[in-house]
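Participant: Quick one: sequence and predicted model below, then my questions.
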Amino acid sequence: LRARSACASEGPAVFLYSLSFYAKQLQISQFLLDFIANQPYTIHMNELGNKKYTRTLQKKVLETSENFPVVLITGPRQVGKTTLFLQCMKEEELKNRTYITLDDLKVRQLAKKDPELFLQTYRCPILIDEVQYAPELFPYIKMISDREQKSGLFWLTGSQQFSMMQHVSESLAGRVGILH
């Protein structure tokens, strides 16, 4: 990534050449090199001529949010699930979505012990990060989704734990768009 920032301004050919050089030095596999070269970003120029990197998945997230009351992005830790949602929040027409993380132990305790109060305290639209820590929320998310009949009420992130995915699939069937 340092190679990228140092030579990206020289153009894609120099970037890939430099990346290939560093990959050989670090013994990075060709698969990983190809993956990095086909990164999930699009470069846009804003009106000031500055580069803006946009994740190409933003469009998919926003489309899914228009079609489902709940959107869940799953994946391993530290791969950018939350960052993707936060970038999408900037693109939303209504910029009033609440962000809450269940990494915060006090917030997690409230979500687990009193999910109804949790969802009264943090109202929709909401982004709940690390939802796997409080599966007790799912029945209440289902009830709110059924009552409100609106798309994009809940954005959730979670790890790819099989038990959580099975619980989400069963309790939110037909209400959740899942992106892996």
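Facilitator: Sure, I can see it.
Participant: name the helices or strands packed onto the strand or helix carrying residue 65?
Facilitator: According to DSSP states H and E, residue 65 maps onto helix 57-67. Applying 3 or more Cβ pairs under 8 Å, 6 or more residues apart in numbering; DSSP states H and E, one finds that helix 57-67 makes contact with strand 70-74, helix 81-91, strand 176-179. Bear in mind the C-beta positions are built from the backbone N, C-alpha and C, glycine included.
Participant: mind running it again at 6 Å?
Facilitator: With contacts taken as 3 or more Cβ pairs under 6 Å, 6 or more residues apart in numbering; DSSP states H and E, helix 57-67 sits against helix 81-91.
Participant: mind checking the SS state of residue 155?
Facilitator: Per DSSP: H, G, I helix; E, B strand; the rest coil, the local secondary structure of residue 155 is strand.
Participant: actually residue 151, sorry about that
Facilitator: At residue 151 the chain is in coil, as set by three-state DSSP.
Participant: mind checking pLDDT for it?
Facilitator: On pLDDT, residue 151 comes in at 95.
Participant: In contact with it, which residues?
Facilitator: 66, 69 (Cβ atoms under 6 Å, 6 or more residues apart in numbering).
Participant: and with 10 Å instead?
Facilitator: 64, 65, 66, 67, 68, 69, 70, 71, 125, 145, 175, 177 (Cβ atoms under 10 Å, 6 or more residues apart in numbering).
Participant: Secondary structure class of residue 76, three-state.
Facilitator: Under three-state DSSP, residue 76 comes out as coil.
Participant: shift numbering so it begins at 5
Facilitator: With 5 as the first residue, the last one maps to residue 80.
Participant: can you pull the buried residues of stretch 103-110?
Facilitator: Buried residues in stretch 103-110, defined by neighbour count with 16 or more other Cβ atoms under 10 Å: 104, 106.
Participant: no no, stretch 122-138
Facilitator: Of the residues in stretch 122-138, those buried (16+ other Cβ under 10 Å) are 122-123, 126, 128-138.
Participant: go on, stretch 171-184?
Facilitator: 172, 175, 176, 179, 180, 181, 182.
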